[in-house]
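In: Structure of the sequence below:
(2 chains)
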Amino acid sequence: MPLTGHSTPIELSGGAVAIAGRPILRGIDLRVETGDFVALMGANGSGKSTLVRALTGLLPLTAGSLRLYGEPLDHFEAWHRIGFVPQRAGATSGVPASVWEVVAAGRLTRRRLLRPLTRADRAAISDAIEVVGLTDKVRDGVSQLSGGQQQRTLIARALAGEPDLFFLDEPTAGVDLPNQVALTEALRQLKERGATIVLVAHELGPLRTLVGRAVVMRDGRIAYDGPALSDQDVHEAAFAAQHAHHHPHQSEDHPGRHDHAPQVVSPLERR
Amino acid sequence: MELFEYGFMQRALLAALFTGLAAPAVGTYLVQRRMALMGDGIGHVAVTGVALGLLTGTSPTWTAVAVAVLGAVLIEVIRERGHTNGDVALALLFYGGLAGGVLLTGLGGQSAARLQQYLFGAITTTSVTDVFITMGLAAVVIGCCLGLAPQLFAVAHDQEFARVAGISVRAYNLLVAVLAAVSVTVAMRTVGLLLVSALMVVPVATSQQLTRSFRTTLLAAMALGTAASVGGLVISAFASERATVAPGPSIVLLSLAGFVATWPIGIWLRRRVRLQAPFLAVDPPIHEQSDDEHGHDHSHEHGPRCGHPAVEHGDHVDYIHDGHRHAPHGGHYDEH
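Out: The predicted structure is shown next:
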């Protein structure tokens, strides 16, 4: 690595994020080294998804500084080094799309405008599909896949750009066990290739074996940062905002989604 | 056939051809964003543009393009900022556009018939310049929609992912809005402002009954749009000998007829896919041998040709049989 000292994937110091004027994250210091496998954990509404959205530049910081691979976020241009798997209910949209097409969208980070796909592009796309085990579904429409298979398609999309740093927002929420195992296998391959992985998870499930470091959020601050914890430890009263035990099947529509900014429909209504 | 020898008819056919290709191309991206009615909104706003042109004596085509682009950008901004009340804000814009257009036409002393040419299409009055403008603008729309297809697809499919991939999402959103506005005004003389959205959306709705990839949906929608727009024009030209048939409605109705024809096929295909989806690969709790008491006998052996749907179930297949799932097991069938 020629850029030693400047190649730390994530350096966030004193980070704060506000949503609709309401301070949500405060005083976040987080440094992630190359090859780390970090699980961001915590109760619903603790701010773990918000943190990932801030780290990917989707939400602006109101304070603090964020460097990705040594570059301040405002000047960061090497987006092909970042792979993002957003928190989504599925991979469908208003028009049919095949698995291959959705995954190929992930290759855009490395493609030039108005140029056809190169051989390397095609190889990366089929490799990504193979890693998540969907090779026999390449031509199928994504809407015909199960929720877990759609989630794997989204992971393949992030893989197709051959990034060095992965962000996954609740990849296992609402996904059945066989698909969680397939997903864990895909992430294991990534880890072996030397990728840096940051994932948001309410419960780790089979992913537990891969996680090397846990960061537990509580009410918008980091409550724990250290070696991996079991699901049980995370949900003990010390970390959880209140004892709101969460069952994975309870919120399949919007896994872990929490409105930090309440909807105000009638402003003049009395409280 | 002598109808096709007239210059106005040849111009009309050219305009219809390009409109039929361009409108569904943009329409596919609008449908993908679940904004099928955006074309309608822009069409309403463009009415004000046309009236402005009629009032000031400038070319209604260019004032319509300008006002439609402004309206589309405004819709895009409202969509980006707004949360739950976005559709209400859009509705306000639509009504404002239509009311403004009718008011301005009245102020300009123009007859309603003049405005109606733009509302429902009057392709046979297209001038040579109009045809060149239509072809040029439509070519730009088609070029953008096909050339930038990977980027436009990614942005419409998942905005957050596209942003983290370093794509300037806002620029592409605005581009789609502008392309939609341009194709609305391109289609204005052919199908009319009030029906233009149909040519953007109906061919897409038709093609996605039978497709499962984005690429085929887009190309099939363009083919269907061209067929409807040229076919509708020809029908209206021949019918005009007996009655007043505006090209706009006949194009839209032909397009809808295509949808009505493919819809049942789409339903059947989707039902078949659902029925063939594999069952959860879980071992049955008890081993239960199928008996013949539930009203059917096994006079034949289940197999690929027996007519009973075979559905994957873990490492074997179940045959669907009068609401039962029968799995071959040695010399008998198990209830699964």
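
In: switch to C-alpha atoms for all contacts and neighbour counts from now on
Out: Fine.

In: ok now do B:Trp11, which residues does it touch?
Out: Residue B:11: Arg, not Trp. Contact partners of B:Arg11, counting by CA atoms under 8 Å, 6 or more residues apart in numbering or on different chains, are B:124, B:126-128, B:131.

In: Mind doing that once more with 10 Å?
Out: Residues near B:Arg11 by CA atoms under 10 Å, 6 or more residues apart in numbering or on different chains: B:4, B:17, B:123-132.

In: just B:Ala239 next, same as before
Out: When contacts are counted by CA under 10 Å, 6+ apart, B:Ala239 is found next to B:233, B:245-247, B:250.

In: Over to B:Ala138?
Out: Shown in contact with B:Ala138 (CA under 10 Å, 6+ apart): B:15, B:17-23, B:132, B:144, B:179, B:182-183, B:185-187.

In: ok, the residue nearest to B:His324 when sequence neighbours are not counted - how many residues close by?
Out: In space, and not counting its chain neighbours, B:His324 is closest to B:Glu335: 6.9 Å by CA to CA, 6 or more residues apart in numbering or on different chains. Using other CA atoms under 10 Å in any protein chain shown, B:Glu335 has 18 neighbouring residues.

In: For B:Glu335, give the beta-bridge partners.
Out: B:His326 (DSSP bridges).

In: So which residues of chain B form helices?
Out: B:7-32, B:38-56, B:60-81, B:86-107, B:112-120, B:128-147, B:149-157, B:159-164, B:169-188, B:196-207, B:214-239, B:247-276 (DSSP state H).

In: Do me a favour and get the backbone dihedrals for A:Ile19.
Out: phi -120, psi 120 (degrees, to the nearest 10).

In: for the spatially most central residue of chain A, what are its contacts?
Out: By CA atoms, centre = their mean, the mean C-alpha position of chain A lies nearest to A:Leu168, the distance being 1.9 Å. A:Leu168 makes contact with A:39-40, A:49, A:52, A:83-87, A:154-155, A:158, A:197-201 under the criterion CA under 10 Å, 6+ apart.

In: filter those by proximity to chain B?
Out: Residues of those in contact with chain B (CA under 10 Å from any CA of the partner chain): A:83-87, A:154, A:158.

In: List only buried entries from those residues.
Out: When the ones next to chain B among the contacts of A:Leu168 are checked for burial by 16 or more other CA atoms under 10 Å in any protein chain shown, the buried set is A:83-87, A:154, A:158.

In: Work out for me the element the residue nearest to the centre of chain A sits within.
Out: Assigning secondary structure by DSSP states H and E places A:Leu168 in strand A:165-169.

In: What is the burial count for A:Thr34?
Out: Neighbours of A:Thr34 under the rule other CA under 10 Å: 16.

In: Am I right that it is in a helix?
Out: No. A:Thr34 is assigned coil when assessed by DSSP: H, G, I helix; E, B strand; the rest coil, not a helix.

In: on that earlier part again, restricted to strands, list the ones next to chain B among the contacts of A:Leu168.
Out: Among the ones next to chain B among the contacts of A:Leu168, the ones falling in strands (DSSP state E) are A:83-85.

In: what about the closest residue to A:Leu12 other than its chain neighbours, which SS state?
Out: Nearest non-adjacent residue to A:Leu12, counting by CA to CA, 6+ apart: A:Leu66, 4.5 Å away. At A:Leu66 the chain is in strand, as set by three-state DSSP.

In: I'd say the residue nearest to B:His324 and B:Pro328 touch.
Out: Yes. The pair B:Glu335 / B:Pro328 is scored as a contact, 9.2 Å apart, by CA atoms under 10 Å.

In: if we can go back for a sec, closest to A:Ala78 out of the contacts of B:Ala138?
Out: B:Cys144 (25.9 Å; CA to CA).

In: Compute the number of surrounding residues for that closest one.
Out: Count around B:Cys144 with other CA under 10 Å applied: 18.

In: contacting residues for it?
Out: Applying CA under 10 Å, 6+ apart, we find B:Cys144 in contact with A:114, B:25-26, B:138, B:152, B:175-176, B:179.

In: doesn't A:Leu204 make contact with A:Leu177?
Out: No. With contact defined as CA under 10 Å, A:Leu177 does not count as touching A:Leu204 (11.5 Å).

In: more neighbours, these two?
Out: A:Leu204 (22 against 13).

In: So that one is in contact with A:Gly42, correct?
Out: No. The pair A:Leu204 / A:Gly42 is not scored as a contact, 11.1 Å apart, by CA under 10 Å.
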